[in-house]
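> got a structure for you, letters missing:
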């Protein structure tokens, strides 16, 4: 089967490739490097961030020798801006907000620890029947769940999805991006809207 992008044959035994399946059958296939290039071109045109794209952009930048500014830097800059919003979200929504981070938060050894508050997204998940919460906020859904020592918050609209991950039942700030598929602007919009409006959300019971 030939690569959809370059039309060269894909070596399915030894090559690295990406494939799409429908009803158990491969309907599209690309060399991994071709798929990467498609995602990079798409980002340059639309600004759409994807998990694999952001990971490889960071790896390429970290291992670069002589560096010339390029599209990977634009991808990494977008993710760095997004991470700033995630840290704000973690304090205000995940940990429930603190009146004074300097006074209320404290260091235990070398780790900054936030106080456990009843009114927080973290508590809402932990206190729910099946460790799962869900609500609608404007044009997107907010879902939170806890499993296997990890907690996740997923924000999803018709055009974008971003999943945040944190250590379950811990008060040390560690939240980051688990998965992303959308523009920086849309991801940041949903994160900030949730950070500002989460207290007014009516969480659905799991399975309802």
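Noted; the coordinates are in hand. Predicted, not measured: the structure shown is a model, and the values here were computed from it.
> what sits against residue 146?
Neighbour list for residue 146: 125-126, 131-132, 152, 168-169 [criterion: C-beta atoms under 8 Å, 6 or more residues apart in numbering]. Glycine gets a C-beta too; all of them are placed from N, C-alpha and C.
> if you set the cut-off to 7 Å instead, what comes out?
If you count contacts by C-beta atoms under 7 Å, 6 or more residues apart in numbering, residue 146 has them with 125-126, 131, 168.
> and it, how far is that from residue 62?
31 Å (C-beta to C-beta, to the nearest Å).
> Repeat that for residue 144.
Separation of residue 144 from residue 62 (C-beta to C-beta) stands at 31 Å.
> which of the two has more neighbours?
Legend: neighbour count by other C-beta atoms under 10 Å for residue 144 and residue 62, higher for residue 144 (26 against 8).
> Could I get the full set of helices for the chain?
Here the chain has its helices, by DSSP state H, at 32-46, 51-62, 71-89, 101-104, 121-126, 184-197.
> And the second one, what's buried?
When burial is assessed from 16 or more other C-beta atoms under 10 Å, helix 51-62 yields the following buried residues: 53-54, 56-57, 60.
> how far is it from where the chain is centred?
Offset of helix 51-62 from its chain centre (C-alpha atoms, centre = their mean, to the nearest Å): 14 Å.
> average pLDDT for that helix?
Averaged across helix 51-62, pLDDT comes to 88.
> which helices and strands does that helix pack with?
helix 32-46, helix 71-89, strand 176-183 (3 or more C-beta pairs under 7 Å, 6 or more residues apart in numbering; DSSP states H and E).
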